[in-house]
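Participant: Sharing a sequence plus its predicted fold:
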Amino acid sequence: MICVMGAGAFGTALAISLAHNGEVSLWARDARHAQEMDQHRENRKRLPGIMLPDRISIHSDPSSLPEDSTILLSIPTQKLRAALTEHAKTLSRATLVACCKGIELSTGKGPVQIINEILPNAKTAILTGPSFADDIARDLPTALTLACEDEAVGKTLQNNLTTPNLRLYRTTDVTGAELGGALKNVIAIGCGTVIGAGLGESARAALMTRGFAEMSRMAVSLGANVETLAGLSGFGDLVLTCGSDQSRNFRYGRSIGRDETFDSAVTVEGAATAKAVRDIAHEKSLEMPITEVIAALIDQELRVDQAMDMLLSRPLKEE
């Protein structure tokens, strides 16, 4: 049985795609939300207008999930630890696939690291890359990275989770996949800020490129392969997230650039991740100027014009 834990837009979209292969169990944290989805066969809150296939069963009690299930965890990174702790007994021997992108602010750990800490007996992996929930739910073609240190488990997951519209590429570099998905959100906030402030497309391209250099620098320093960052989980996701209004991180950054209030109910993984990355960079003496100013903008320690002046006045150097 394939299970998806988390009935937000992305979790629901994954369940819809996976239903092409067979039965899927979709778990919603809120019992009323689960009941509404089951009644209307639609996630009206997150994916309005897209019907749920009959092969998807909807639940609100995770204790009903089979122990040996493959469970996709579509839970925001900052809430993942609490969810795993609450349901540790049910999840302890499952195969757990993180489907979130970020770095935990309190510990500096990625999703798979968090799972391994709380549930050391579980088999773990991460599914990440350039993907919008609406595209996946509408059966549009998407390619993602599946990272799993255990190659045999990774091959099984790759076969079981690939669908007619969702093509998975496998790697054992979990660190690289985790960091690519997390760090690109920070750069996406910066690109949204650039566009919101009216600084132009050329500035966005420059920020993306130099941001990718920062992503690679940090990832390699933490043991990742630079080739992973150049793949779907890094560069591919960066391109998607930095250039589309569908990206929550981009929209959040655009609101900063326009000096507008952003809806606090919308999850923006990159906001907490920017601060966590800044802390890691300080600890490891890594030069991360773009991340520094983005974190300062989020904390309202800088104005946009001050941030641009800081970046443009840095000492000249070779690329």
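Facilitator: Looks like it arrived, so ask away.

Participant: Am I right that A276 sits in a strand?
Facilitator: No - the assignment for A276 (DSSP: H, G, I helix; E, B strand; the rest coil) gives helix, which keeps it out of a strand.

Participant: for stretch 16-23, how far is the first residue from the last?
Facilitator: End-to-end distance of stretch 16-23 (CA to CA, to the nearest Å): 10 Å.

Participant: same question, stretch 224-236
Facilitator: Terminal-residue distance, stretch 224-236 (CA to CA): 17 Å.

Participant: mind listing what's buried in it?
Facilitator: Judged by neighbour count using 16 or more other CB atoms under 10 Å, the buried positions of stretch 224-236 are A224, N225, T228, L229, G231, L232, S233, G234, F235, G236. Backbone N, C-alpha and C define where each C-beta goes, glycine included.

Participant: from the chain's centre, how far out does it sit?
Facilitator: Mean-position distance between stretch 224-236 and its chain equals 14 Å (CA atoms, centre = their mean, to the nearest Å).

Participant: So for that stretch, mean pLDDT?
Facilitator: On average, the pLDDT along stretch 224-236 is 98.

Participant: next one: stretch 101-117
Facilitator: According to the model, stretch 101-117 has a mean pLDDT of 97.

Participant: same deal with stretch 50-66?
Facilitator: 89.

Participant: Could you provide the buried residues of stretch 224-236 in TSV, with additional columns for distance to T145 and secondary structure?
Facilitator: Output for these, formatted as TSV (distance: CB to CB, whole Å; DSSP: H, G, I helix; E, B strand; the rest coil):
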residue	distance to T145	secondary structure
A224	12	coil
N225	12	coil
T228	8	helix
L229	11	helix
G231	6	coil
L232	5	helix
S233	4	helix
G234	9	helix
F235	11	helix
G236	8	helix
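
Participant: so which of those residues comes closest to T163?
Facilitator: Taking CB to CB as the measure, T163 lies nearest L232 of the buried residues of stretch 224-236, at 16.0 Å.

Participant: so what's the residue lying closest to the closest one once chain neighbours are set aside scoring on pLDDT?
Facilitator: In this structure, L232 finds its nearest non-sequential neighbour in G129, 3.9 Å apart by CB to CB, 6 or more residues apart in numbering. pLDDT recorded at G129 is 98.

Participant: In this structure G129 contacts A147, no?
Facilitator: No - in this structure, G129 is not within contact of A147 by CB atoms under 8 Å, at 9.8 Å.

Participant: So between the two, which is more surrounded?
Facilitator: Neighbours of G129 and A147, each counted by other CB atoms under 10 Å, are more numerous for A147; the result is 30 against 24.

Participant: how much space between the closest residue to that one other than its chain neighbours and R248?
Facilitator: Closest residue to A147 apart from its sequence neighbours, by CB to CB, 6+ apart: A177 at 3.5 Å. According to CB to CB, to the nearest Å, A177 stands 20 Å off from R248.

Participant: Compare those two (neighbour count), which wins?
Facilitator: Shown here are A177 and R248; by other CB under 10 Å, A177 has more neighbours (36 against 22).

Participant: Please identify the helix or strand for that one.
Facilitator: Assessed by DSSP states H and E, A177 sits inside helix 174-196.

Participant: just to revisit the earlier point, quick one: common contacting residues for G129 and A147?
Facilitator: S233 (CB atoms under 8 Å, 6 or more residues apart in numbering).

Participant: How about the contacts made by the nearest residue to A276 once chain neighbours are set aside?
Facilitator: Distances taken as CB to CB, 6+ apart place I103 nearest to A276, at 4.1 Å, with adjacent residues excluded. For I103, the contact set (CB under 8 Å, 6+ apart) comprises T77, K109, G110, L179, A182, A272, T273, A276, V277, I280.

Participant: Between those, which sits nearest F10?
Facilitator: T77 (12.5 Å).

Participant: thinking the closest one is in contact with G102, fair?
Facilitator: Yes - counting by CB under 8 Å, G102 is a contact partner of T77 at 3.2 Å.

Participant: hey, what's in contact with both of these two?
Facilitator: G110, P111, A182, E269, A272, T273.

Participant: residues near the third one, how many?
Facilitator: This points to A182. 30.

Participant: distance of it from L84?
Facilitator: Distance from A182 to L84, by CB to CB: 18 Å.

Participant: Thought I2 was touching N160, still the case?
Facilitator: Yes - here N160 reaches I2: they are 6.9 Å apart, a contact under CB under 8 Å.

Participant: For L96, list the residues it contacts.
Facilitator: By CB under 8 Å, 6+ apart, the neighbours of L96 are I71, L73, I115, L119, A122, K123, T124, A125.

Participant: and the third one, how many residues sit next to it?
Facilitator: What that stands for is I115. 24.

Participant: show me what contacts the residue lying closest to V239 once chain neighbours are set aside?
Facilitator: The shortest distance from V239 to any non-neighbouring residue, by CB to CB, 6+ apart, is to P130 (6.9 Å). P130 makes contact with T142, A143, L144, L232, G236, D237, V239, L240, T241 under the criterion CB under 8 Å, 6+ apart.
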